[in-house]
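1. Mind looking at a prediction? Sequence and model below.
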Number of protein chains: 2
Amino acid sequence: MADAPGDIEALIALMARLPGLGPRSARRAVLHMLRKRAVVMEPMAQAMARVAASARECRVCGNISDADLCPICASPRRATGVLCVVEDVSDLWAMERAGGFSGRYHVLGGTLSALESIGPETLRIPQLVQRVSDEAISEVILALGTTVDGQTTAHYIAEALAPTGVALSALAQGVPLGGELDYLDDGTISAALSARRRL
Amino acid sequence: MADAPGDIEALIALMARLPGLGPRSARRAVLHMLRKRAVVMEPMAQAMARVAASARECRVCGNISDADLCPICASPRRATGVLCVVEDVSDLWAMERAGGFSGRYHVLGGTLSALESIGPETLRIPQLVQRVSDEAISEVILALGTTVDGQTTAHYIAEALAPTGVALSALAQGVPLGGELDYLDDGTISAALSARRRL
């Protein structure tokens, strides 16, 4: 792109590599930033530099934070006996947005995948087993995706935790809020049917 | 969003305001950047800070560049007699990507709009008239959108430039490359029909 000058071109090329953006939307975003330089571009450059310098993995749960211990692990108001296992930090954020969970987390960092050669060590599963025995955990909630890889990972974790005797649970499967049966896949309907509850 | 720590949250909120991104894709983008900190996030923060500090409007044509005079206006290889009038910097970039134009540009910065109370002064139209007489321009190409506002602006410019006697032209209207008649609107087909050329 010899059309935009060097630095702007470089910024567009970098932004075009973000998920959800392509060359066209990166150009639009950069032009928007150029028009709102003081209120958007400068604060964003500063926030990005600060986050790049300070963000790190929580040494206990794998959450991303600007301290050695994330706010959730550091909070005395979060229950210590229950661990919620999630694939990724984005899933932890989704759980927190939903609210309703007052325990702590364990972020795996992905799912087991033979294709991508992701094994248990890459996934912080040994650390999970260690935490369950060290922290006197009474329940581990598996909040993993209902994909093949997610469910494989859930099974592997269940086996790895079996010797500890900890109670295991998983998120319920069923009809999502606002879901119409006609638009749901057969697997979800079957799962919701077999897990039906009495009114 | 009490889920992500302060700085990360602030960065997500800023990015969510970019065109084409919302809260969800901003979160994905920030997580992606956090995973590729050295190759994406740090270079992007630096590029953004550099652009925010150096980018400015070319004093002649209104293009965005890091100098007082943009590379196109500064280039001795661009023809001086022909001006291409575009609405916005993004249109200038689009023209340059398409190639084939070797003259210089004049960026209006929008279109006339009674609704948004955008008048000729806001749009650098007086500067255009000035340039046409100062720079001995022989042809002005109006490369404006075929929207109501774009065409209103084209008419206004044509009237404003009439006293200078400069030759005016506009981009051809017709069937776009790869276009199928069945999917085109009637207006485009009519325009292409009345501008048909002999083979």
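-> Great, that's in hand.

2. mind listing what's buried in the host helix or strand of residue A:161?
-> Per DSSP states H and E: residue A:161 is located in helix A:148-161. By neighbour count with 16 or more other Cβ atoms under 10 Å in any protein chain shown, helix A:148-161 contains the buried residues A:149-151, A:153-154, A:156-157, A:161. (C-beta placed from N, C-alpha, C; glycine too.)

3. Using a markdown table, lay out these together with distance to residue A:93.
-> Below are the buried residues of helix A:148-161 laid out as a markdown table (distance: Cβ to Cβ, whole Å):
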| residue | distance to residue A:93 |
| --- | --- |
| A:149 | 20 |
| A:150 | 17 |
| A:151 | 22 |
| A:153 | 19 |
| A:154 | 20 |
| A:156 | 24 |
| A:157 | 21 |
| A:161 | 24 |
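
4. ok, which pair from those residues is furthest apart?
-> Distance extremes for the buried residues of helix A:148-161: the farthest pair is A:149 and A:161 at 18.5 Å, using Cβ to Cβ.

5. Any idea how far the helix holding residue A:161 is from the middle of the chain?
-> On the basis of Cα atoms, centre = their mean, to the nearest Å, helix A:148-161 sits 17 Å off its chain's mean C-alpha point.

6. In CSV, list the C-alpha atoms belonging to it.
-> Provided in CSV are the C-alpha atoms of helix A:148-161 (Å, rounded to 0.1, in the frame of the first residue of the first chain):
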residue,chain,number,x,y,z
VAL,A,148,-15.2,-32.4,20.7
ASP,A,149,-12.0,-31.0,22.0
GLY,A,150,-13.7,-29.4,25.0
GLN,A,151,-15.4,-32.6,26.0
THR,A,152,-12.2,-34.7,25.5
THR,A,153,-10.4,-32.3,27.8
ALA,A,154,-13.3,-32.6,30.3
HIS,A,155,-12.9,-36.4,30.3
TYR,A,156,-9.2,-36.2,30.7
ILE,A,157,-9.5,-33.8,33.6
ALA,A,158,-12.1,-36.0,35.3
GLU,A,159,-9.7,-39.0,35.1
ALA,A,160,-6.8,-36.9,36.3
LEU,A,161,-8.8,-35.7,39.3
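
7. From the contact counts, what lies against that helix?
-> Under the contact criterion of 3 or more Cβ pairs under 8 Å, 6 or more residues apart in numbering or on different chains; DSSP states H and E, helix A:148-161 touches helix A:125-134, strand A:139-142, strand A:167-170.

8. could you redo the last one with a cut-off of 10 Å?
-> When contacts are defined as 3 or more Cβ pairs under 10 Å, 6 or more residues apart in numbering or on different chains; DSSP states H and E, helix A:148-161 packs onto strand A:82-86, helix A:125-134, strand A:139-142, strand A:167-170.

9. neighbouring contacts of it?
-> A:85, A:87, A:106, A:108, A:110-116, A:118-120, A:123, A:125-126, A:128-129, A:132-133, A:137, A:140, A:142-147, A:167-168, A:170 (Cβ atoms under 10 Å, 6 or more residues apart in numbering or on different chains).

10. So what are the structural domains in chain A, by residue number?
-> A:6-54, A:78-198 (automatic domain parsing).

11. The first one spans what distance, first to last residue?
-> Its first and final residues considered, domain A:6-54 spans 29 Å by Cα to Cα, to the nearest Å.

12. For it, what is the distance to the chain centroid?
-> On Cα atoms, centre = their mean, the centre of domain A:6-54 falls 24 Å from that of its chain.

13. Same check on stretch A:68-75?
-> The chain centroid and the centroid of stretch A:68-75 are separated by 16 Å under Cα atoms, centre = their mean.

14. wait, does it contact chain B?
-> Yes - remark: stretch A:68-75 sits within contact range of chain B at A:70-72, by Cβ under 10 Å from any Cβ of the partner chain.

15. a markdown table for the buried residues of helix A:148-161, including pLDDT?
-> Output for those, formatted as a markdown table (pLDDT from 0 to 100):
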| residue | pLDDT |
| --- | --- |
| A:149 | 90 |
| A:150 | 91 |
| A:151 | 91 |
| A:153 | 94 |
| A:154 | 93 |
| A:156 | 94 |
| A:157 | 95 |
| A:161 | 95 |
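
16. just the helices and strands packed on helix A:148-161: most buried one?
-> Highest mean neighbour count among the helices and strands packed on helix A:148-161 (mean count of other Cβ atoms under 10 Å in any protein chain shown): strand A:82-86, with a mean of 22.

17. mind exporting that strand as CSV, just the C-alpha atoms?
-> Extracted in CSV, the C-alpha atoms of strand A:82-86 (Å, rounded to 0.1, in the frame of the first residue of the first chain):
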residue,chain,number,x,y,z
VAL,A,82,-14.8,-24.2,44.5
LEU,A,83,-12.8,-24.1,41.3
CYS,A,84,-14.2,-23.3,37.9
VAL,A,85,-12.1,-24.7,35.1
VAL,A,86,-12.3,-22.7,31.8
